[in-house]
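>>> please work out how this folds:
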Amino acid sequence: MNMKRLCFLAVLLIVRVGLSAEPDREPAWPQANGPFGNFVPRKFGHALIDDLKHAKTLWVSQGANLGFAKGSSSGYLRHLTETSTHPGSASGLIVAEGKIFASSFRPTGEVWADKLPHWSQEKNQAILAEEKLAEPLRRNAAIDADDLTVALDLNTGKLLWKAIEAGQGVNRYSGKRNHYGVTPAYFGGRVFSLGTAGRLRCYDAATGKKIWEVADSRFARQSDEQKEKLLRDRNSFAGGPSMSASLIVADGVLIVPQFDLKESRDVPLRGINIEDGSTKWEVPAATCRYATPAVWTHAGRQYVLAATVGAANRPDGGSLRLIDPRDGRVMWTVEGLAPNWSPLSPSDRHVCVNVTSQHRSENSKEPWALKAAYRLSPERAELAWTMPDEPPFWFENQFDTCCMRRVLLRDGRVYFNSQGRKFDTSQPAFHFAVLDEATGRPLYVSPNGEFGHHPSAGVIGQAWLVEDRLLNIRDAAHSDRSELEFLDIDPARVRRLCPPWKPRHENTTAYEVFIELPYVDGRFLMRNRAGEVVCYDLRK
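Numbers count the residues shown, from 1 in each chain. From the prediction side, this is the model:
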């Protein structure tokens, strides 16, 4: 081989390594809502495949053991007697330092809940009479749990380390709803994870060595009391409402939602010193318990954007606030919004929030909600525009369908899905719209019902803007129905680029709040029902 050929191959290798390299200062997906705090991945400059059926499975992880996330409202028998996997959290995946990090739990111990939801004692006894069902049932219905945090190699899926907190968690499997779905966060060579019993932990990202742990929250105290009672009475799993707001880091401060086991819809946010886990500040009732706060960057500074649901039966009880992460100071607040159940997706200039329509929903007897954009600055938030109060832009503002995020902003455009009504009848129709970010002017509105018959099956069922297109999971709430599709998002020609594609490795799901997944350097990462991580190559 001549010298010119060798030099050419060396240059190709350097370019390829450069594309895959990930500087520590720019992690690819360091927290649940991505590198920019708004679910939009970085652009890596790849040309992607035209049809998802050509997506290659690069690898399937071994040893992650994350469990399945969502069961069903009456699926305890089917899921709790699975022999190859176990219940686990509905947390997402993050990526930094060329590694994938994930947190979950696995049931453990000899004490199991012998009075399970949806099952009579007679049915329990019938199951226990079948030895092949009894063993996995006792294991998967154990009340105690190990908390897990794992690191996988991004290029191979190989398990690099696993931190097991034996017996320090609680089995929070709850079937269809009320998931435990707190995604970990990465910053400065450290991984932060909130365990199922409220213990906040910091690990070295390279080795998995635990640096510190704190358990001084109300959630931790309530969880210890709950677990002690359940182990004594053996009557159920650890109940309670969903815990889906995830950890973020803003301006070097770890932001942690302060859950409780009550039915409070909004929870405090606490600023944590990343060096030792000590508390810097706390802001009461700062975010919905389903909604990960957003990181908003302005003039090189990072701030925390958070919105609330407000008091029950208050159509104008929601609020939006900007928090300085260094000291917890609330810099401004916008009151009088409709309830905000879902996470925010700000751009560098605007954020979309819920406001109330003048029309009422026939189903919920509540007003329809609309999206409005506020222009952001550290000094104030000013209303920029509101979407037209028309059927294609309406959605029912209640947690069952509104915890799923439905807005993405990038490159001066807003991408939005609704669950309004057809133009010419009272029948449901699920629309997709593209709007100008500066003015709110609709650039594209889909024809009646073109993009699906169910809100989670429609466009932005769960979606990411990847390179030059939109990657969407149709019906992300049901793993057996989940399909992936590509859309051309140019307003002049919005269309599906390929038929919906069903991955061979069935992805696992949550319900009200979907499991957030990363797109990194042409690759898309998913969790599957077997508790593994699967890496799909979307590059041409």
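
>>> show me where the stretch 1-150 of the chain dips below the pLDDT cut-off.
Judged by pLDDT under 70, the stretch 1-150 of the chain has its weakly predicted residues at 1-25, 72-78, 116-125.

>>> the spatially closest residue to Q62 that is not a sequence neighbour: what's it in contact with?
Distances taken as Cβ to Cβ, 6 or more residues apart in numbering place L159 nearest to Q62, at 6.4 Å, with adjacent residues excluded. (Glycine included, C-beta is placed from N, CA and C.) Applying Cβ atoms under 8 Å, 6 or more residues apart in numbering, we find L159 in contact with 61-64, 150-152.

>>> quick check: beta-bridge partners of the nearest residue to D327 once chain neighbours are set aside?
Excluding the flanking residues, the one nearest D327 by Cβ to Cβ, 6+ apart is W281, at 6.0 Å. Note on W281: beta-bridge partners G271, judged by DSSP bridges.

>>> before we move on, back to that, so which of the contacts of L159 comes closest to R326?
Ranked by distance to R326 (Cβ to Cβ), these are led by A151 at 29.3 Å.

>>> was I right about that closest one contacting K209?
No: in this structure, A151 is not within contact of K209 by Cβ atoms under 8 Å, at 11.4 Å.

>>> out of these two, which sits in the more crowded spot?
Neighbour count, other Cβ atoms under 10 Å: between A151 and K209, A151 has more, with 25 against 11.

>>> thinking again about what came up before, neighbours of the residue nearest to D327, how many?
Counted with other Cβ under 10 Å, the neighbours of W281 add up to 16.

>>> how much space between it and I272?
Distance of W281 to I272, computed by Cβ to Cβ, to the nearest Å: 9 Å.

>>> same check on D147?
18 Å.

>>> and for R495?
As judged by Cβ to Cβ, R495 and I272 stand 46 Å apart.

>>> which of the two has more neighbours?
I272 (22 against 10).

>>> helix or strand for the closest residue to that one other than its chain neighbours, which one?
Excluding the flanking residues, the one nearest I272 by Cβ to Cβ, 6+ apart is L254, at 4.0 Å. Using DSSP states H and E, L254 sits in strand 253-257.

>>> next one: K227
helix 218-233.

>>> adjacent strands (with direction) for the following helix or strand past that helix?
Under the assignment DSSP H and E, the closest C-terminal helix or strand after helix 218-233 is strand 248-250. The pairing partners recorded for strand 248-250 under DSSP bridges are strand 253-257 (antiparallel).

>>> contacting residues around the strand it pairs with?
Residues outside strand 253-257 that contact it (Cβ under 8 Å, 6+ apart): 182, 185, 187, 192, 194, 200, 243, 245-249, 267-274, 280, 287, 289, 293, 304, 325-326.

>>> show the buried residues in those residues.
Among the contacts of strand 253-257, the ones that count as buried by 16 or more other Cβ atoms under 10 Å are 182, 185, 187, 192, 194, 200, 243, 245-249, 267-272, 274, 287, 289, 293, 304, 325-326.

>>> thinking again about what came up before, what's the mean pLDDT across the helix holding K227?
Averaging pLDDT along helix 218-233 gives 94.

>>> tell me which residues of that helix come out buried.
By neighbour count on 16+ other Cβ under 10 Å, the buried set for helix 218-233 is 219-220, 222-223, 226-227, 230.
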